[in-house]
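A.B. asks: pasted the sequence and its predicted model underneath.
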Amino acid sequence: MLEFRQIRYFLAAAEYGSFRKAALALGIQESAISRRVRDLEDELGASLFQRHNGGVCLTLAGQQFVRRARKPLQQIDCGAKDVAAIGRSERGHIKVGIFSSLASGFLSDLLGAYGKEHASVRVEFFDGDPADHVASIRRLQLDVAFITGTTQWSDCETEQLWSERVFAVLPSDHPLSEKSELGWRDLVDERFIVSDGAPGSEIHDYLVQRLADLGRHPEIDTQYVGRDNLLSLVAIGQGVTVMSEAGTAAQFPGTAYRQLAGEVLPFCAVWSPRNDNPAWRRLLSLARSMSRSAAATIIQTVSAVLLTSSLSQIPDPWL
């Protein structure tokens, strides 16, 4: 049974023409090279080197064997380098379930930053609703899903990373488009439309919950179209809809976005604790770092606003 070490030492001795030089190149004792090569010769039943005072040279058997031995060793070396590159996240593959728009916002910034740092990692995206994403995560068919809410899913890890404001999408000539900000009472008599695909069902439930608090059951029609065509339907007056902040970066003719006062959606990452994909772990580390930076920026901004407001209340003689 040949050992990898025997082959490696044999090829090094053949390359350098000397056990001593091969040992120096590999950082080991010359006696280790000599012993392993001798064991290899015993295993094969043939002399591979002719020993002389100046070093060693290959026998005819050695010349035949060196050609056969190089190829598998090269394949092993290449395989080891590939595995090491994956471990360093220089290569790899991540499958991401998404529930928010990639047009702008935290998720867009995160994936852009990750792509710059790990250009050789392939990131694959899947639209879907949270329940389907989590089921795929449990089966290790997805590495992570970025979804709304702070629900704790069994057999999964969950961490809130960012929040987005909520906007109503109206026809640009709608009377409410003249207001800079809306409340739910402004929308109680509106006809809503949602898509049959994600996140249509979640938006439906969200609307029912919010308007039920005002004692109204909203009129909500499901349209069997994608997001782009849904906004086109808004533009021609078929109804209004709502979306999170990230989606508002994409402007559609004939539509207007108006913020809903006080409405904020939390977004979290969900993943399996059994997932040991190093490329995904690097993405999670970057997401946490960006989330902390974003939170610190918000705190600084709010503090500055509060300080400015406080100073404005101080009489001039105290300034």
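C.D. replies: That came through, no problem.

A.B. asks: show me the contact partners of stretch 47-57.
C.D. replies: 10, 13-14, 16-21, 37, 40-41, 58-59, 61-62, 65 (Cβ atoms under 8 Å, 6 or more residues apart in numbering). Using the backbone N, CA and C atoms, a C-beta is placed for each residue, glycine as well.

A.B. asks: return the subset of these lying in helices.
C.D. replies: Using DSSP state H, the members of those that fall within helices are 10, 13-14, 16, 19-21, 37, 40-41, 61-62, 65.

A.B. asks: any of the residues you listed buried? List them.
C.D. replies: Phe10, Ala13, Ala14, Tyr16, Phe19, Lys21, Val37, Leu40, Glu41, Gly62, Phe65 (16 or more other Cβ atoms under 10 Å).

A.B. asks: and those as TSV, adding distance to Cys156 and pLDDT?
C.D. replies: Below are these laid out as TSV (distance: Cβ to Cβ, whole Å; pLDDT from 0 to 100):
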residue	distance to Cys156	pLDDT
Phe10	50	90
Ala13	54	91
Ala14	54	91
Tyr16	54	92
Phe19	56	92
Lys21	56	92
Val37	54	91
Leu40	51	88
Glu41	56	89
Gly62	57	88
Phe65	53	89
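
A.B. asks: any chance of those in a markdown table, with distance to Gly215 too?
C.D. replies: Shown next, in a markdown table, are these (distance: Cβ to Cβ, whole Å):
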| residue | distance to Gly215 |
| --- | --- |
| Phe10 | 85 |
| Ala13 | 88 |
| Ala14 | 88 |
| Tyr16 | 88 |
| Phe19 | 91 |
| Lys21 | 89 |
| Val37 | 89 |
| Leu40 | 87 |
| Glu41 | 92 |
| Gly62 | 92 |
| Phe65 | 88 |
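
A.B. asks: show me where this protein has helices.
C.D. replies: 4-16, 19-26, 30-44, 60-87, 105-117, 130-138, 200-212, 227-235, 278-312.

A.B. asks: right, and these - which one's nearest Gly254?
C.D. replies: helix 227-235 (3.0 Å; Cβ to Cβ).

A.B. asks: show me what the closest one is packed up against.
C.D. replies: Counting by 3 or more Cβ pairs under 8 Å, 6 or more residues apart in numbering; DSSP states H and E, the packing neighbours recorded for helix 227-235 are strand 157-171, strand 191-195, strand 219-223, strand 241-244, strand 255-271.
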